[in-house]
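**Q** All I have is the shape, not the residue letters:
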(Lines give C-alpha, C1' and ligand atoms only; values in the text may rest on other atoms or scores of the structure.)
Protein backbone atom coordinates (compact mmCIF):
# COMPACT_ATOMS: atom_id res chain seq x y z
CA UNK A 1 0.00 0.00 0.00
CA UNK A 2 0.97 3.59 -0.51
CA UNK A 3 -0.23 6.51 1.62
CA UNK A 4 -0.36 10.04 0.20
CA UNK A 5 -0.98 12.80 2.72
CA UNK A 6 -3.34 15.14 0.88
CA UNK A 7 -3.96 17.23 3.99
CA UNK A 8 -3.01 16.85 7.64
CA UNK A 9 -3.82 20.15 9.34
CA UNK A 10 -6.03 19.73 12.38
CA UNK A 11 -9.45 21.35 12.78
CA UNK A 12 -9.02 23.80 9.88
CA UNK A 13 -6.85 24.25 6.81
CA UNK A 14 -3.48 25.69 7.77
CA UNK A 15 -1.07 27.90 5.82
CA UNK A 16 0.90 24.92 4.57
CA UNK A 17 -1.69 22.13 4.48
CA UNK A 18 -5.37 21.46 3.89
CA UNK A 19 -7.38 19.77 6.59
CA UNK A 20 -7.61 15.99 6.89
CA UNK A 21 -7.46 13.85 3.75
CA UNK A 22 -5.42 10.73 2.97
CA UNK A 23 -5.18 8.86 -0.32
CA UNK A 24 -4.43 5.14 -0.06
CA UNK A 25 -3.52 3.17 -3.18
CA UNK A 26 -2.48 -0.35 -4.08
CA UNK A 27 -1.93 -2.38 -7.22
CA UNK A 28 -4.18 -5.37 -7.82
CA UNK A 29 -5.00 -7.42 -10.91
CA UNK A 30 -3.40 -5.02 -13.34
CA UNK A 31 -4.86 -1.75 -12.05
CA UNK A 32 -4.40 0.82 -9.32
CA UNK A 33 -7.11 0.99 -6.66
CA UNK A 34 -7.61 4.32 -4.88
CA UNK A 35 -9.56 5.04 -1.69
CA UNK A 36 -9.73 8.38 0.05
CA UNK A 37 -9.97 8.67 3.82
CA UNK A 38 -11.68 11.99 4.60
CA UNK A 39 -11.92 15.08 2.40
CA UNK A 40 -11.67 18.09 4.69
CA UNK A 41 -11.52 21.81 4.02
CA UNK A 42 -9.11 22.69 1.22
CA UNK A 43 -8.24 19.09 0.42
CA UNK A 44 -9.87 18.75 -3.00
CA UNK A 45 -7.46 21.22 -4.58
CA UNK A 46 -4.44 19.41 -3.17
CA UNK A 47 -5.85 16.02 -4.20
CA UNK A 48 -5.68 17.10 -7.84
CA UNK A 49 -1.90 17.39 -7.56
CA UNK A 50 -1.87 13.61 -7.12
CA UNK A 51 -4.78 12.17 -9.12
CA UNK A 52 -7.76 13.13 -11.22
CA UNK A 53 -10.62 12.83 -8.67
CA UNK A 54 -12.65 10.82 -11.19
CA UNK A 55 -10.15 7.98 -10.60
CA UNK A 56 -11.29 7.43 -7.01
CA UNK A 57 -12.85 4.06 -6.21
CA UNK A 58 -14.40 5.14 -2.89
CA UNK A 59 -14.40 7.82 -0.23
CA UNK A 60 -14.64 6.97 3.47
CA UNK A 61 -15.44 9.64 6.06
CA UNK A 62 -14.44 9.20 9.69
CA UNK A 63 -17.05 11.74 10.82
CA UNK A 64 -19.04 14.72 9.65
CA UNK A 65 -17.10 17.68 11.04
CA UNK A 66 -16.18 20.10 8.20
CA UNK A 67 -12.43 19.57 8.53
CA UNK A 68 -13.02 15.95 7.51
CA UNK A 69 -15.85 16.10 4.98
CA UNK A 70 -16.74 19.53 3.60
CA UNK A 71 -14.79 19.25 0.31
CA UNK A 72 -17.18 16.49 -0.68
CA UNK A 73 -19.23 19.43 -1.99
CA UNK A 74 -16.52 20.32 -4.48
CA UNK A 75 -16.09 16.68 -5.41
CA UNK A 76 -19.81 16.60 -6.20
CA UNK A 77 -19.34 19.54 -8.59
CA UNK A 78 -16.43 17.83 -10.37
CA UNK A 79 -18.62 14.80 -11.09
CA UNK A 80 -21.99 16.43 -11.71
CA UNK A 81 -20.83 19.18 -14.07
CA UNK A 82 -17.86 17.70 -15.93
CA UNK A 83 -17.79 19.09 -19.49
CA UNK A 84 -17.13 15.56 -20.73
CA UNK A 85 -20.19 14.25 -18.92
CA UNK A 86 -21.03 12.68 -15.60
CA UNK A 87 -19.11 9.47 -14.75
CA UNK A 88 -21.07 6.35 -15.57
CA UNK A 89 -21.05 5.01 -12.01
CA UNK A 90 -21.84 6.76 -8.76
CA UNK A 91 -18.90 7.02 -6.40
CA UNK A 92 -19.32 4.98 -3.18
CA UNK A 93 -19.18 7.18 -0.08
CA UNK A 94 -18.99 5.27 3.21
CA UNK A 95 -19.80 7.55 6.13
CA UNK A 96 -21.62 7.86 9.45
CA UNK A 97 -25.39 8.20 9.49
CA UNK A 98 -26.79 11.39 7.99
CA UNK A 99 -23.92 12.13 5.60
CA UNK A 100 -26.09 12.75 2.55
CA UNK A 101 -28.40 15.10 4.45
CA UNK A 102 -25.44 17.00 5.92
CA UNK A 103 -23.69 17.48 2.58
CA UNK A 104 -26.89 18.38 0.74
CA UNK A 105 -27.75 20.95 3.42
CA UNK A 106 -24.38 22.63 2.91
CA UNK A 107 -25.09 23.00 -0.84
CA UNK A 108 -27.66 25.80 -0.98
CA UNK A 109 -30.72 25.18 -3.18
CA UNK A 110 -29.53 21.80 -4.44
CA UNK A 111 -32.29 20.02 -6.32
CA UNK A 112 -33.36 16.41 -5.90
CA UNK A 113 -31.79 13.90 -6.01
CA UNK A 114 -29.07 16.11 -4.52
CA UNK A 115 -25.56 14.74 -4.18
CA UNK A 116 -27.06 11.27 -4.43
CA UNK A 117 -26.98 11.85 -8.18
CA UNK A 118 -23.24 11.14 -8.20
CA UNK A 119 -22.54 9.61 -4.79
CA UNK A 120 -23.67 6.19 -3.61
CA UNK A 121 -23.94 6.65 0.16
CA UNK A 122 -23.41 3.75 2.55
CA UNK A 123 -23.75 4.01 6.33
CA UNK A 124 -20.78 2.58 8.18
CA UNK A 125 -21.16 0.41 11.26
CA UNK A 126 -18.76 -0.28 14.10
CA UNK A 127 -16.45 -3.21 13.23
CA UNK A 128 -18.35 -4.13 10.04
CA UNK A 129 -15.74 -4.28 7.24
CA UNK A 130 -16.09 -2.30 4.03
CA UNK A 131 -14.62 -3.95 0.92
CA UNK A 132 -13.32 -1.93 -1.99
CA UNK A 133 -11.45 -4.07 -4.52
CA UNK A 134 -8.45 -5.50 -2.63
CA UNK A 135 -9.02 -3.22 0.38
CA UNK A 136 -10.71 -4.39 3.57
CA UNK A 137 -11.45 -1.35 5.72
CA UNK A 138 -12.80 -1.92 9.21
CA UNK A 139 -14.36 1.03 11.06
CA UNK A 140 -13.92 1.30 14.83
CA UNK A 141 -16.18 3.61 16.81
CA UNK A 142 -13.90 5.98 18.72
CA UNK A 143 -14.25 8.71 21.38
CA UNK A 144 -15.23 12.09 19.93
CA UNK A 145 -18.18 14.45 20.58
CA UNK A 146 -19.97 13.15 17.46
CA UNK A 147 -20.27 9.71 15.87
CA UNK A 148 -16.71 9.11 14.69
CA UNK A 149 -14.65 6.17 13.49
CA UNK A 150 -11.07 5.14 13.02
CA UNK A 151 -10.26 3.01 9.99
CA UNK A 152 -8.08 -0.10 9.85
CA UNK A 153 -7.12 -0.46 6.19
CA UNK A 154 -5.77 -3.83 5.03
CA UNK A 155 -4.50 -4.83 1.59
CA UNK A 156 -1.69 -6.99 0.18
CA UNK A 157 -0.80 -8.17 3.69
CA UNK A 158 -0.18 -4.63 4.97
CA UNK A 159 -2.09 -2.66 7.60
CA UNK A 160 -2.62 1.09 7.89
CA UNK A 161 -4.46 2.25 11.00
CA UNK A 162 -5.96 5.75 10.96
CA UNK A 163 -7.52 6.94 14.20
CA UNK A 164 -9.50 9.86 12.80
CA UNK A 165 -10.38 12.23 15.66
CA UNK A 166 -10.46 10.59 19.06
CA UNK A 167 -9.34 10.64 22.64
CA UNK A 168 -8.07 7.52 24.40
CA UNK A 169 -10.59 4.67 24.27
CA UNK A 170 -10.79 0.88 24.26
CA UNK A 171 -11.32 0.76 20.48
CA UNK A 172 -7.78 1.97 19.81
CA UNK A 173 -6.30 -1.40 20.78
CA UNK A 174 -7.95 -3.50 18.03
CA UNK A 175 -7.68 -0.59 15.61
CA UNK A 176 -3.91 -0.20 16.04
CA UNK A 177 -2.65 -3.68 16.93
CA UNK A 178 -0.01 -4.92 14.51
CA UNK A 179 -0.31 -1.92 12.18
CA UNK A 180 2.62 -1.36 9.85
CA UNK A 181 1.79 2.35 10.08
CA UNK A 182 -0.37 4.03 12.72
CA UNK A 183 -1.61 7.47 11.64
CA UNK A 184 -2.79 9.07 14.87
CA UNK A 185 -4.63 12.19 15.94
CA UNK A 186 -2.37 14.54 17.92
CA UNK A 187 -4.36 17.78 18.08
CA UNK A 188 -4.08 18.44 21.80
CA UNK A 189 -1.10 19.40 23.97
CA UNK A 190 -0.46 17.97 27.42
CA UNK A 191 -1.10 20.47 30.21
CA UNK A 192 -2.80 23.00 27.93
CA UNK A 193 -5.79 21.12 26.53
CA UNK A 194 -7.33 19.57 29.62
CA UNK A 195 -10.82 18.81 28.30
CA UNK A 196 -11.22 15.11 27.56
CA UNK A 197 -13.21 13.14 25.01
CA UNK A 198 -12.16 15.08 21.91
CA UNK A 199 -8.54 14.52 20.78
CA UNK A 200 -5.34 12.68 21.60
CA UNK A 201 -2.12 14.39 22.58
CA UNK A 202 1.24 13.23 21.26
CA UNK A 203 1.78 11.37 24.52
CA UNK A 204 -1.62 9.68 24.51
CA UNK A 205 -1.20 8.70 20.86
CA UNK A 206 2.12 7.02 21.65
CA UNK A 207 0.67 5.35 24.75
CA UNK A 208 -2.18 3.91 22.68
CA UNK A 209 0.23 2.55 20.05
CA UNK A 210 2.48 0.98 22.68
CA UNK A 211 -0.48 -0.55 24.52
CA UNK A 212 -1.94 -1.99 21.30
CA UNK A 213 1.28 -3.85 20.55
CA UNK A 214 3.01 -4.70 17.29
CA UNK A 215 2.79 -1.21 15.78
CA UNK A 216 5.81 -0.70 13.55
CA UNK A 217 5.59 3.03 12.76
CA UNK A 218 3.92 5.88 14.60
CA UNK A 219 2.99 8.98 12.60
CA UNK A 220 1.32 11.98 14.25
CA UNK A 221 -1.22 13.98 12.29
CA UNK A 222 -4.15 16.41 12.67
CA UNK A 223 -1.90 19.01 14.31
CA UNK A 224 -3.58 22.45 14.14
CA UNK A 225 -1.65 25.41 12.75
CA UNK A 226 -1.55 27.02 16.21
CA UNK A 227 0.42 24.07 17.63
CA UNK A 228 4.17 23.63 17.41
CA UNK A 229 4.62 20.21 15.74
CA UNK A 230 7.87 19.77 17.63
CA UNK A 231 6.01 19.93 20.93
CA UNK A 232 3.65 17.13 19.90
CA UNK A 233 6.64 15.14 18.63
CA UNK A 234 8.49 15.61 21.93
CA UNK A 235 5.50 14.36 23.93
CA UNK A 236 5.26 11.18 21.86
CA UNK A 237 9.02 10.70 21.87
CA UNK A 238 8.96 10.31 25.65
CA UNK A 239 6.83 7.19 25.24
CA UNK A 240 7.40 5.71 21.78
CA UNK A 241 10.47 3.42 21.61
CA UNK A 242 11.23 4.13 17.95
CA UNK A 243 11.30 7.15 15.68
CA UNK A 244 8.22 9.37 15.91
CA UNK A 245 7.14 10.64 12.48
CA UNK A 246 5.10 13.72 11.63
CA UNK A 247 2.73 13.59 8.66
CA UNK A 248 3.79 16.00 5.93
CA UNK A 249 1.44 17.40 3.27
CA UNK A 250 1.97 15.97 -0.22
CA UNK A 251 4.35 13.33 1.14
CA UNK A 252 4.01 9.74 -0.08
CA UNK A 253 4.77 6.82 2.26
CA UNK A 254 5.09 3.11 1.61
CA UNK A 255 3.08 1.16 4.15
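**A** On my side now, so go ahead. On a predicted model such as this, the values are computed, not experimentally measured, just so you know.

**Q** mind listing the helices in the stretch 51-200 of the chain by residue range?
**A** Using DSSP state H, counting those that start in this stretch, the helices of the stretch 51-200 of the chain run over residues 66-69, 72-80, 99-106, 172-176.

**Q** and the helix ranked longest in the chain, how far out from the chain's middle?
**A** The longest helix of the chain (DSSP state H) is helix 202-212. The chain centre lies 18 Å from the centre of helix 202-212; the measure is C-alpha atoms, centre = their mean, to the nearest Å.

**Q** List the buried residues of it.
**A** Across helix 202-212, burial judged by 16 or more other C-beta atoms under 10 Å covers 202-209, 212. C-beta: built from backbone N, CA, C; applies to glycine.

**Q** Show residues contacting it.
**A** When contacts are defined by C-beta atoms under 8 Å, 6 or more residues apart in numbering, helix 202-212 is touched by residues 163, 167-168, 172-179, 182, 184-186, 188-190, 200, 215, 218, 220, 231-241, 244.

**Q** so which of the helices of the stretch 51-200 of the chain is the most packed in?
**A** Highest mean neighbour count among those (mean count of other C-beta atoms under 10 Å): helix 66-69, with a mean of 24.

**Q** just checking, what packs against that one?
**A** Other helices and strands packing on helix 66-69, by 3 or more C-beta pairs under 8 Å, 6 or more residues apart in numbering; DSSP states H and E, are helix 99-106.

**Q** Between helix 72-80 and the helix it packs on, find me the angle.
**A** 90 degrees (axes from the mean of the first three to the mean of the last three C-alpha atoms, to 10 degrees).

**Q** for helix 99-106, packing partners?
**A** The contact analysis (3+ C-beta pairs under 8 Å, 6+ apart) places helix 99-106 against helix 66-69, helix 72-80, strand 119-123.

**Q** Could I get the average pLDDT for stretch 88-102?
**A** Here stretch 88-102 scores 96 as its mean pLDDT.

**Q** hang on, I meant stretch 225-233
**A** 97.

**Q** Check stretch 123-130 too.
**A** On average, stretch 123-130 scores 98.

**Q** Distance from the chain centre to it, please.
**A** Distance of stretch 123-130 from its chain centroid, counting by C-alpha atoms, centre = their mean, is 15 Å.

**Q** Now the terminal residues of that stretch, how far apart.
**A** Length of stretch 123-130, first residue to last, C-alpha to C-alpha, to the nearest Å: 10 Å.

**Q** buried residues in it?
**A** 124, 130.

**Q** Got the confidence number for residue 167?
**A** 98.

**Q** residues near the closest residue to it other than its chain neighbours, how many?
**A** In space, and not counting its chain neighbours, residue 167 is closest to residue 143: 4.6 Å by C-beta to C-beta, 6 or more residues apart in numbering. Counted with other C-beta atoms under 10 Å, residues neighbouring residue 143 total 19.

**Q** residues contacting residue 143?
**A** Here residue 143 is in contact with 166-169, 171, 197 (C-beta under 8 Å, 6+ apart).

**Q** Pipe those residues into JSON lines and attach neighbour count and distance to residue 35 per row.
**A** Shown next, in JSON lines, are the contacts of residue 143 (neighbours: other C-beta atoms under 10 Å; distance: C-beta to C-beta, whole Å):
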{"residue": "166", "neighbour count": "30", "distance to residue 35": "20"}
{"residue": "167", "neighbour count": "22", "distance to residue 35": "26"}
{"residue": "168", "neighbour count": "17", "distance to residue 35": "27"}
{"residue": "169", "neighbour count": "18", "distance to residue 35": "24"}
{"residue": "171", "neighbour count": "20", "distance to residue 35": "21"}
{"residue": "197", "neighbour count": "11", "distance to residue 35": "28"}
